[in-house]
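In: Quick one, fold the following:
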Amino acid sequence: MASQQVNEVEEMINGLRNHPGFKSYLILNNDGVVIKWGQEGSPMPYEKAVQQSHHVLDLYKKSKACLGDLFGPEEGRQIECVRLRTDEYELIVAQEGNYTLVVAQVEEAKTAAAAAALKAAEVDDDAD
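Out: Numbers count the residues shown, from 1 in each chain. Below you'll find the model as predicted:
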C-alpha cells in the first residue's frame, strides 16, 4: 500500500509540474520536516526548503488563529488553503491531515506573456 501512495504523490507532483507557471513545491509534515521538495530550473537546496517550510507553517498557524478571532472559534471551521499573490509569484499552502503542500507559481499573466514571446521567437526562426 505504501508503494501505491508514493505513486499517487508522484502523479500529483507531475500534474503540478505540467501546470503553466509552476515554479516549486514542498511537501512537509506539520512539525516542519521537509519530506519532498523540488524546483523548476536549478535545484532548490535543502536549507532553503527548510527555511521556507518554517515560514510557511508559521504563516499558516497565524492565519488560522486570526480567522478564529475574526469569525469565532467554531469546531468544524478549518482553513482549506492559504493563497498569497505578489506582483510576480503566487504561493498556495494546503494542509491535509499531518501533511502540508506548498506550491509556488509564476503569475499567470507573466506565464502567458512568456509563452507568447516564445511563440513569436519560434515564428521569427521559421521565417529566417
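In: Flag the shaky bits of the chain, pLDDT-wise.
Out: By pLDDT under 70, the weakly predicted segments of the chain are 1-6, 73, 75-77, 108-128.
In: Now with 90, please.
Out: Along the chain, the model assigns pLDDT under 90 to residues 1-22, 30-32, 38-44, 60-89, 94-98, 106-128.
In: any chance you could map the helices in the protein?
Out: Listed in chain order, the helices of the chain (DSSP state H) span 2-17, 46-71, 108-127.
In: List the buried residues in the second one.
Out: The one in question is helix 46-71. Applying a neighbour-count criterion of 16 or more other CB atoms under 10 Å, one finds 49, 52-53, 56-57, 60 buried in helix 46-71. To be clear about C-beta, it is placed using only N, CA and C from the backbone, and glycine gets the same treatment.
In: Just name whatever secondary elements it is in contact with.
Out: strand 22-29, strand 34-39, strand 81-85, strand 89-96, strand 99-106 (3 or more CB pairs under 8 Å, 6 or more residues apart in numbering; DSSP states H and E).
In: Kindly recompute the last result at 6 Å.
Out: Other helices and strands packing on helix 46-71, by 3 or more CB pairs under 6 Å, 6 or more residues apart in numbering; DSSP states H and E, are strand 22-29, strand 34-39.
In: could you dump the longest one to PDB, C-alpha only?
Out: C-alpha atoms of strand 22-29 as PDB (Å, rounded to 0.1, in the frame of the first residue of the first chain):
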ATOM      1  CA  PHE A  22       4.800  26.100 -11.900                       C
ATOM      2  CA  LYS A  23       7.900  27.100 -10.000                       C
ATOM      3  CA  SER A  24       8.500  24.900  -6.900                       C
ATOM      4  CA  TYR A  25       6.800  22.700  -4.300                       C
ATOM      5  CA  LEU A  26       7.400  21.500  -0.800                       C
ATOM      6  CA  ILE A  27       5.800  18.600   1.000                       C
ATOM      7  CA  LEU A  28       6.300  18.600   4.700                       C
ATOM      8  CA  ASN A  29       4.800  17.200   7.900                       C
END
